[in-house]
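1. Quick one, what's the 3D model for this:
(one chain, ligands or ions: 2)
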Amino acid sequence: VGTGLLRRPFSVYRAKGDAVALLYRVVGRGTRWLAGVAPGDVLDALGPLGRPFAPPARGARLLLVGGGVGMAPLARYVEVHGGAGLRGVAGFRSAGQVAGLAPFLAAGVPLAITTEDGSRLAGPTPPEVVWRGGRPTDHLAAAIAGADRVLTCGPDPLMRAVAALAREAGVPCEASVERPMGCGIGVCLGCVLPVRGAGGEVTYARACREGPVLDAATVAW
Ligand SMILES: Cc1cc2nc3c(=O)[nH]c(=O)nc-3n(C[C@H](O)[C@H](O)[C@H](O)COP(=O)(O)OP(=O)(O)OC[C@H]3O[C@@H](n4cnc5c(N)ncnc54)[C@H](O)[C@@H]3O)c2cc1C
Ligand code: FES
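-> Ligands and ions are numbered 1, 2, ... in the order given. Below you'll find the model as predicted:
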(Lines give C-alpha, C1' and ligand atoms only; values in the text may rest on other atoms or scores of the structure.)
(Ligands and ions follow the chains in the order given, each with its own letter.)
Protein backbone atom coordinates (compact mmCIF):
# COMPACT_ATOMS: atom_id res chain seq x y z
CA VAL A 1 0.00 0.00 0.00
CA GLY A 2 1.23 3.48 -0.76
CA THR A 3 1.47 4.70 2.82
CA GLY A 4 5.04 3.67 3.67
CA LEU A 5 7.33 0.70 3.44
CA LEU A 6 5.20 -2.04 4.98
CA ARG A 7 2.87 -4.23 2.99
CA ARG A 8 -0.45 -5.39 4.47
CA PRO A 9 -1.45 -9.06 4.66
CA PHE A 10 -4.72 -10.15 3.05
CA SER A 11 -6.32 -13.48 2.35
CA VAL A 12 -7.11 -14.53 -1.17
CA TYR A 13 -10.89 -14.31 -1.32
CA ARG A 14 -11.44 -15.51 -4.88
CA ALA A 15 -9.17 -16.20 -7.83
CA LYS A 16 -9.73 -17.07 -11.45
CA GLY A 17 -7.05 -17.18 -14.11
CA ASP A 18 -4.80 -14.21 -13.49
CA ALA A 19 -7.33 -12.33 -11.39
CA VAL A 20 -7.31 -12.30 -7.58
CA ALA A 21 -10.06 -10.77 -5.46
CA LEU A 22 -9.59 -9.48 -1.91
CA LEU A 23 -12.33 -8.87 0.61
CA TYR A 24 -11.21 -6.25 3.08
CA ARG A 25 -12.49 -3.90 5.70
CA VAL A 26 -11.18 -0.36 5.98
CA VAL A 27 -9.65 -0.09 9.45
CA GLY A 28 -6.69 2.26 9.03
CA ARG A 29 -4.32 4.07 6.74
CA GLY A 30 -3.34 1.18 4.50
CA THR A 31 -6.80 -0.14 3.85
CA ARG A 32 -8.09 3.41 3.36
CA TRP A 33 -5.40 3.92 0.72
CA LEU A 34 -6.35 0.63 -0.90
CA ALA A 35 -9.99 1.65 -1.04
CA GLY A 36 -8.94 4.69 -3.09
CA VAL A 37 -7.19 2.67 -5.78
CA ALA A 38 -8.68 3.16 -9.23
CA PRO A 39 -9.04 0.70 -12.13
CA GLY A 40 -5.78 0.62 -14.05
CA ASP A 41 -3.60 1.59 -11.07
CA VAL A 42 -0.65 -0.73 -10.64
CA LEU A 43 0.00 -2.29 -7.21
CA ASP A 44 3.00 -4.28 -6.08
CA ALA A 45 2.05 -7.50 -4.30
CA LEU A 46 3.77 -10.60 -3.00
CA GLY A 47 2.10 -13.98 -2.74
CA PRO A 48 0.50 -16.31 -2.24
CA LEU A 49 2.40 -16.86 1.01
CA GLY A 50 2.09 -19.12 4.02
CA ARG A 51 0.34 -22.35 4.82
CA PRO A 52 -3.34 -22.78 3.87
CA PHE A 53 -6.09 -24.93 5.40
CA ALA A 54 -5.55 -28.63 4.71
CA PRO A 55 -7.65 -29.94 1.82
CA PRO A 56 -10.72 -31.99 2.74
CA ALA A 57 -10.23 -35.74 3.12
CA ARG A 58 -12.61 -37.79 0.99
CA GLY A 59 -16.04 -37.99 2.64
CA ALA A 60 -15.03 -35.75 5.56
CA ARG A 61 -17.60 -33.47 7.22
CA LEU A 62 -16.05 -30.06 7.63
CA LEU A 63 -17.43 -27.12 9.58
CA LEU A 64 -16.22 -23.68 8.49
CA VAL A 65 -16.67 -20.93 11.10
CA GLY A 66 -15.87 -17.36 10.15
CA GLY A 67 -16.36 -13.88 11.46
CA GLY A 68 -16.48 -10.68 9.38
CA VAL A 69 -13.79 -10.47 6.72
CA GLY A 70 -12.44 -13.73 8.19
CA MET A 71 -14.90 -15.31 5.76
CA ALA A 72 -12.44 -14.58 2.94
CA PRO A 73 -10.11 -17.61 3.21
CA LEU A 74 -13.04 -19.89 4.04
CA ALA A 75 -14.86 -18.73 0.92
CA ARG A 76 -11.73 -19.42 -1.11
CA TYR A 77 -11.62 -22.90 0.43
CA VAL A 78 -15.13 -23.56 -0.84
CA GLU A 79 -14.23 -22.12 -4.25
CA VAL A 80 -11.20 -24.43 -4.52
CA HIS A 81 -12.54 -27.63 -2.99
CA GLY A 82 -16.29 -27.45 -3.69
CA GLY A 83 -19.08 -27.70 -1.17
CA ALA A 84 -19.44 -31.46 -0.63
CA GLY A 85 -19.41 -32.34 3.08
CA LEU A 86 -19.10 -28.69 4.13
CA ARG A 87 -21.25 -26.62 6.47
CA GLY A 88 -20.66 -22.99 7.34
CA VAL A 89 -21.35 -20.60 10.18
CA ALA A 90 -20.75 -16.94 9.36
CA GLY A 91 -20.87 -14.29 12.05
CA PHE A 92 -21.33 -10.53 11.60
CA ARG A 93 -22.20 -7.60 13.84
CA SER A 94 -25.22 -6.74 11.70
CA ALA A 95 -26.74 -7.59 8.33
CA GLY A 96 -25.11 -4.51 6.77
CA GLN A 97 -21.70 -6.16 7.23
CA VAL A 98 -22.58 -9.47 5.61
CA ALA A 99 -20.01 -10.19 2.90
CA GLY A 100 -17.90 -12.97 1.47
CA LEU A 101 -20.60 -15.61 1.15
CA ALA A 102 -20.91 -15.89 -2.64
CA PRO A 103 -18.83 -19.10 -2.98
CA PHE A 104 -20.86 -20.74 -0.17
CA LEU A 105 -24.12 -19.86 -1.91
CA ALA A 106 -22.84 -20.92 -5.34
CA ALA A 107 -21.79 -24.31 -3.96
CA GLY A 108 -25.04 -24.79 -1.98
CA VAL A 109 -23.21 -25.14 1.34
CA PRO A 110 -25.63 -25.19 4.30
CA LEU A 111 -24.93 -21.91 6.05
CA ALA A 112 -26.00 -20.31 9.31
CA ILE A 113 -25.55 -16.54 9.25
CA THR A 114 -25.48 -14.94 12.68
CA THR A 115 -25.85 -11.25 13.42
CA GLU A 116 -25.22 -9.90 16.90
CA ASP A 117 -28.10 -7.44 16.63
CA GLY A 118 -30.48 -10.00 15.10
CA SER A 119 -30.80 -8.10 11.82
CA ARG A 120 -31.07 -9.89 8.49
CA LEU A 121 -30.88 -8.92 4.86
CA ALA A 122 -34.16 -8.10 3.16
CA GLY A 123 -35.28 -10.34 0.35
CA PRO A 124 -35.64 -14.07 -0.06
CA THR A 125 -33.33 -16.38 1.90
CA PRO A 126 -31.88 -19.30 -0.09
CA PRO A 127 -33.14 -22.67 1.24
CA GLU A 128 -29.71 -23.72 2.54
CA VAL A 129 -29.33 -20.51 4.61
CA VAL A 130 -30.68 -19.84 8.10
CA TRP A 131 -30.41 -16.54 9.97
CA ARG A 132 -29.79 -16.52 13.70
CA GLY A 133 -29.35 -13.80 16.25
CA GLY A 134 -26.27 -13.75 18.47
CA ARG A 135 -22.73 -14.93 17.92
CA PRO A 136 -21.52 -17.88 15.86
CA THR A 137 -20.38 -19.62 19.04
CA ASP A 138 -23.94 -19.55 20.44
CA HIS A 139 -24.91 -22.13 17.83
CA LEU A 140 -21.86 -24.31 17.47
CA ALA A 141 -21.94 -27.16 19.96
CA ALA A 142 -24.13 -29.53 17.90
CA ALA A 143 -22.50 -28.55 14.61
CA ILE A 144 -19.02 -29.22 15.97
CA ALA A 145 -20.06 -32.56 17.41
CA GLY A 146 -21.15 -33.62 13.91
CA ALA A 147 -17.93 -32.52 12.22
CA ASP A 148 -14.68 -34.34 11.49
CA ARG A 149 -12.70 -31.09 11.38
CA VAL A 150 -13.32 -27.41 12.05
CA LEU A 151 -11.77 -24.53 10.10
CA THR A 152 -11.98 -21.05 11.56
CA CYS A 153 -10.93 -17.51 10.71
CA GLY A 154 -11.96 -14.25 12.29
CA PRO A 155 -11.25 -12.13 15.34
CA ASP A 156 -9.07 -13.82 17.99
CA PRO A 157 -11.89 -14.09 20.58
CA LEU A 158 -14.03 -15.98 18.06
CA MET A 159 -11.23 -18.35 17.09
CA ARG A 160 -10.28 -18.90 20.73
CA ALA A 161 -13.88 -19.84 21.55
CA VAL A 162 -14.20 -22.09 18.50
CA ALA A 163 -10.91 -23.79 19.38
CA ALA A 164 -12.11 -24.42 22.94
CA LEU A 165 -15.43 -25.90 21.77
CA ALA A 166 -13.63 -28.12 19.26
CA ARG A 167 -11.16 -29.30 21.88
CA GLU A 168 -14.02 -30.15 24.28
CA ALA A 169 -15.71 -32.13 21.50
CA GLY A 170 -12.44 -33.85 20.52
CA VAL A 171 -12.65 -32.49 16.98
CA PRO A 172 -9.47 -31.22 15.25
CA CYS A 173 -9.55 -27.51 14.51
CA GLU A 174 -7.45 -25.33 12.21
CA ALA A 175 -7.34 -21.57 12.73
CA SER A 176 -6.06 -18.94 10.32
CA VAL A 177 -4.40 -16.50 12.71
CA GLU A 178 -4.13 -12.80 12.10
CA ARG A 179 -0.96 -10.99 13.10
CA PRO A 180 0.52 -7.77 11.77
CA MET A 181 3.22 -8.71 9.29
CA GLY A 182 6.42 -6.98 8.30
CA CYS A 183 8.08 -9.06 5.61
CA GLY A 184 5.67 -11.95 5.01
CA ILE A 185 8.54 -14.33 4.27
CA GLY A 186 9.76 -15.42 7.68
CA VAL A 187 12.64 -13.00 8.19
CA CYS A 188 11.55 -10.09 10.41
CA LEU A 189 9.83 -12.12 13.19
CA GLY A 190 7.21 -9.39 13.41
CA CYS A 191 4.36 -11.88 13.19
CA VAL A 192 5.32 -14.43 15.86
CA LEU A 193 2.76 -15.84 18.26
CA PRO A 194 3.11 -18.26 21.17
CA VAL A 195 2.29 -21.91 20.49
CA ARG A 196 2.54 -25.00 22.69
CA GLY A 197 4.65 -28.00 21.75
CA ALA A 198 3.64 -31.62 22.41
CA GLY A 199 5.04 -31.42 25.96
CA GLY A 200 3.21 -28.17 26.73
CA GLU A 201 6.33 -26.02 26.34
CA VAL A 202 5.73 -22.60 24.80
CA THR A 203 7.59 -21.75 21.62
CA TYR A 204 6.92 -19.23 18.88
CA ALA A 205 5.53 -19.69 15.39
CA ARG A 206 5.70 -17.20 12.55
CA ALA A 207 2.19 -16.51 11.30
CA CYS A 208 3.60 -15.90 7.82
CA ARG A 209 5.55 -19.18 7.52
CA GLU A 210 4.33 -21.84 9.94
CA GLY A 211 0.89 -20.20 9.58
CA PRO A 212 -1.32 -18.40 9.07
CA VAL A 213 -3.22 -21.68 9.36
CA LEU A 214 -2.20 -23.46 12.57
CA ASP A 215 -3.54 -26.35 14.60
CA ALA A 216 -5.81 -24.35 16.91
CA ALA A 217 -5.01 -26.67 19.83
CA THR A 218 -1.37 -25.58 19.75
CA VAL A 219 -2.05 -21.82 19.78
CA ALA A 220 -1.60 -20.23 23.21
CA TRP A 221 -4.64 -17.98 22.75
C1 LIG B 1 -2.91 -13.69 7.22
C2 LIG B 1 -3.80 -12.47 7.29
C3 LIG B 1 -4.88 -12.37 6.45
C4 LIG B 1 -5.70 -11.25 6.49
N5 LIG B 1 -6.74 -11.20 5.63
C6 LIG B 1 -7.54 -10.12 5.64
C7 LIG B 1 -8.64 -10.04 4.74
O8 LIG B 1 -8.86 -10.94 3.90
N9 LIG B 1 -9.42 -8.93 4.79
C10 LIG B 1 -9.18 -7.91 5.69
O11 LIG B 1 -9.93 -6.93 5.71
N12 LIG B 1 -8.17 -7.98 6.56
C13 LIG B 1 -7.33 -9.04 6.54
N14 LIG B 1 -6.29 -9.09 7.41
C15 LIG B 1 -6.07 -7.93 8.31
C16 LIG B 1 -5.39 -6.81 7.54
O17 LIG B 1 -4.06 -7.18 7.26
C18 LIG B 1 -5.43 -5.51 8.36
O19 LIG B 1 -6.75 -5.09 8.50
C20 LIG B 1 -4.62 -4.43 7.69
O21 LIG B 1 -3.25 -4.75 7.74
C22 LIG B 1 -4.86 -3.11 8.37
O23 LIG B 1 -4.02 -2.16 7.77
P24 LIG B 1 -4.29 -0.61 7.91
O25 LIG B 1 -3.04 0.09 7.50
O26 LIG B 1 -5.54 -0.21 7.22
O27 LIG B 1 -4.55 -0.42 9.46
P28 LIG B 1 -3.47 0.06 10.54
O29 LIG B 1 -3.16 1.51 10.30
O30 LIG B 1 -2.34 -0.90 10.59
O31 LIG B 1 -4.36 -0.05 11.81
C32 LIG B 1 -5.37 0.95 12.07
C33 LIG B 1 -6.17 0.56 13.27
O34 LIG B 1 -6.94 -0.60 12.96
C35 LIG B 1 -6.61 -1.61 13.86
N36 LIG B 1 -6.60 -2.84 13.09
C37 LIG B 1 -5.60 -3.28 12.33
N38 LIG B 1 -5.93 -4.46 11.80
C39 LIG B 1 -7.17 -4.73 12.23
C40 LIG B 1 -8.06 -5.78 12.04
N41 LIG B 1 -7.75 -6.82 11.30
N42 LIG B 1 -9.28 -5.75 12.64
C43 LIG B 1 -9.61 -4.70 13.42
N44 LIG B 1 -8.80 -3.66 13.64
C45 LIG B 1 -7.60 -3.69 13.06
C46 LIG B 1 -5.27 -1.29 14.44
O47 LIG B 1 -5.11 -1.85 15.73
C48 LIG B 1 -5.32 0.20 14.48
O49 LIG B 1 -5.98 0.68 15.61
C50 LIG B 1 -5.44 -10.20 7.39
C51 LIG B 1 -4.36 -10.31 8.27
C52 LIG B 1 -3.54 -11.42 8.21
C53 LIG B 1 -2.37 -11.52 9.12
S1 FES C 1 6.09 -11.17 8.73
FE2 FES C 1 8.25 -11.19 8.86
S3 FES C 1 8.62 -13.09 9.83
FE4 FES C 1 6.49 -13.12 9.51
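2. need the strands for this structure, in chain order.
-> All strands of the chain, identified by DSSP state E, fall at 14-16, 19-21, 62-67, 86-92, 111-115, 129-133, 149-153, 173-176, 192-196, 202-206, 213-215.
3. Including distance to residue 101, could these go into TSV?
-> No exception for glycine: its C-beta is placed from N, CA and C like everyone else's. What follows is those, written out as TSV (distance: least, C-beta to C-beta, whole Å):
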stretch	distance to residue 101
strand 14-16	12
strand 19-21	14
strand 62-67	9
strand 86-92	6
strand 111-115	7
strand 129-133	8
strand 149-153	14
strand 173-176	17
strand 192-196	28
strand 202-206	30
strand 213-215	20
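4. for those, which one sits closest to residue 75?
-> Ranking the strands of the chain by their distance to residue 75 (criterion: C-beta to C-beta) puts strand 14-16 first, at 6.9 Å.
5. I'd like the strands of the chain as a markdown table, with mean neighbour count appended.
-> Below are those laid out as a markdown table (neighbours: other C-beta atoms under 10 Å):
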| stretch | mean neighbour count |
| --- | --- |
| strand 14-16 | 13 |
| strand 19-21 | 12 |
| strand 62-67 | 27 |
| strand 86-92 | 26 |
| strand 111-115 | 21 |
| strand 129-133 | 16 |
| strand 149-153 | 26 |
| strand 173-176 | 26 |
| strand 192-196 | 16 |
| strand 202-206 | 15 |
| strand 213-215 | 19 |
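6. Could you check how far the nearest residue to residue 60 once chain neighbours are set aside is from ligand 2?
-> Excluding its sequence neighbours, the residue lying closest to residue 60 (C-beta to C-beta, 6 or more residues apart in numbering) is residue 148, at 4.5 Å. Applying C-beta to the nearest ligand atom, to the nearest Å, the value for residue 148 to ligand 2 is 30 Å.
7. OK, contacts around residue 148?
-> Residues in contact with residue 148 (C-beta atoms under 8 Å, 6 or more residues apart in numbering) are 57, 60-62, 171-172.
8. Also residue 20?
-> 12, 14.
9. Kindly recompute the last result at 7 Å.
-> With contact set as C-beta atoms under 7 Å, 6 or more residues apart in numbering, residue 20 has these partners: residue 12.
10. Which strand residues bridge it?
-> Listed beta-bridge partners, residue 20: residue 15 (assigned using DSSP bridges).
11. what about the helices in this protein?
-> 29-35, 71-81, 102-107, 141-145, 156-169 (DSSP state H).
12. From residue 192, how far off is residue 136?
-> Applying C-beta to C-beta, to the nearest Å, the value for residue 136 to residue 192 is 27 Å.
13. before we move on, what about residue 203?
-> Relative to residue 192, residue 203 is positioned 9 Å away (criterion: C-beta to C-beta).
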